[in-house]
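Colleague: Pasting a predicted model and its sequence here:
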Amino acid sequence: MKRHQVPALALTLSVPLLGVLWIAGKPAAEGQDAALMVPLLALLIFSEFGLILNSVGVAAGVLHGLRQGWTGRHALMTIGCALAALAFLLQLIRWWPL
């Protein structure tokens, strides 16, 4: 796999991971003490994996853009990875037990 393909791979894997976090992160029943549909540790692992994956995608996209010049496709993928990394960070903060 070539390095310039990393942002595309990161975005491709981010869509289902964010879907799992947003859908399965809702309580299974109504009420304050309702259990989650997916265990908390799994939600944290999904969030952490997505954050790391998209951070690597942003770094690879920026390096590719600086070395070979920016194209619209690579710029959009890099920006998409940055936004997905932000979404995973917010999900990670949301699920981190304080």
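Modeller: Perfect, thanks for sending it.
Colleague: Distance check, the most centrally placed residue in the chain against L13.
Modeller: Among the residues of the chain, the one closest to the centroid is G50, at 3.6 Å (C-alpha atoms, centre = their mean). Counting by C-beta to C-beta, to the nearest Å, the gap from G50 to L13 is 8 Å. Every C-beta, even on glycine, is put in place using the N, C-alpha and C of the backbone.
Colleague: What segments of the protein are helices?
Modeller: Ranges of helices in the chain, per DSSP state H, are 6-24, 40-68, 72-95.
Colleague: Tabulate those (a markdown table), appending mean pLDDT.
Modeller: Output for those, formatted as a markdown table (pLDDT from 0 to 100):
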| stretch | mean pLDDT |
| --- | --- |
| helix 6-24 | 91 |
| helix 40-68 | 93 |
| helix 72-95 | 93 |
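Colleague: The residue nearest to the centre of the chain - nearest residue in space that isn't next to it in sequence?
Modeller: Excluding the flanking residues, the one nearest G50 by C-beta to C-beta, 6 or more residues apart in numbering is F88, at 3.8 Å.
Colleague: hang on, that neighbour packs against S47?
Modeller: Yes - between F88 and S47 there is a contact at 5.2 Å, judged by C-beta atoms under 8 Å.
Colleague: which residues sit in contact with the residue nearest to G50?
Modeller: Under the criterion of C-beta atoms under 8 Å, 6 or more residues apart in numbering, the neighbours of F88 are S14, L17, L18, L21, S47, E48, G50, L51, N54.
Colleague: And for G25?
Modeller: Counting by C-beta under 8 Å, 6+ apart, G25 touches L36, M37, V38, L43, Q91, R94, W95.
Colleague: The fifth one contacts S47, correct?
Modeller: What it means is Q91. Yes - under the contact definition of C-beta under 8 Å, Q91 touches S47, with a separation of 4.6 Å.
Colleague: related to what we said a few turns ago, check contacts around the residue nearest to the centre of the chain.
Modeller: G50 is in contact with L13, S14, L17, L18, L21, A84, A85, A87, F88, Q91, counting by C-beta under 8 Å, 6+ apart.
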